[in-house]
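K.L.:
this one's structure only:
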């Protein structure tokens, strides 16, 4: 059986993890995550993102989730997810250490490159 992950849903779950990484779920970050998701990921659902974010405590850690999806995503999908997450992390013009660590964990879990993050 040829299994493929639903790219927008995987991206939404990883974005929820990134938004919650610093322990504070900011309304502006949610808006940006939804706007970027709709722009960068055809089929992205703000409702799914919001639902995943509400249940963030039930989701596996980002690296574990990414590792689980590793074999179900194409290299292009992995790149798209990392670009989306990097755009989300840099949307407020500052990237805190916990966001960098989260991005590194996702990249490692997916087995792909960490995107360049402007300093």
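P.N.:
Yep, it's here. Quick caveat: nothing in here was measured; it's all calculated off a predicted structure. Numbering: from 1, shown residues only.
K.L.:
in this protein, where is pLDDT below threshold?
P.N.:
1-5, 119 (pLDDT under 70).
K.L.:
remind me, longest helix of it?
P.N.:
helix 75-90 (DSSP state H).
K.L.:
could you pull out the buried residues of that one?
P.N.:
77, 78, 80, 81, 82, 84, 85, 86, 87, 88, 89 (16 or more other CB atoms under 10 Å). In short, each C-beta sits where N, CA and C put it, glycine included.
K.L.:
got a list of contacts for it?
P.N.:
Residues outside helix 75-90 that contact it (CB atoms under 8 Å, 6 or more residues apart in numbering): 5, 7, 10-11, 14-15, 18-19, 29, 32-33, 36-37, 40-41, 73, 95, 99-100, 102-103, 106-107, 110-118.
K.L.:
picking that back up, report the two of the buried residues of helix 75-90 separated the most.
P.N.:
77 and 89 (18.6 Å; CB to CB).
K.L.:
skip the chain neighbours and tell me the closest residue to residue 62.
P.N.:
residue 17 (4.1 Å; CB to CB, 6 or more residues apart in numbering).
K.L.:
for the helix or strand containing that neighbour, name the packing helices and strands.
P.N.:
Using DSSP states H and E, residue 17 sits within helix 7-20. If you count contacts as 3 or more CB pairs under 8 Å, 6 or more residues apart in numbering; DSSP states H and E, helix 7-20 packs onto helix 27-40, helix 46-54, helix 62-69, helix 75-90, helix 97-110.
K.L.:
what angle do helix 27-40 and it make with each other?
P.N.:
160 degrees (axes from the mean of the first three to the mean of the last three CA atoms, to 10 degrees).
K.L.:
for residue 107, which non-adjacent residue is spatially closest?
P.N.:
That would be residue 114: by CB to CB, 6+ apart, it lies 4.3 Å from residue 107.
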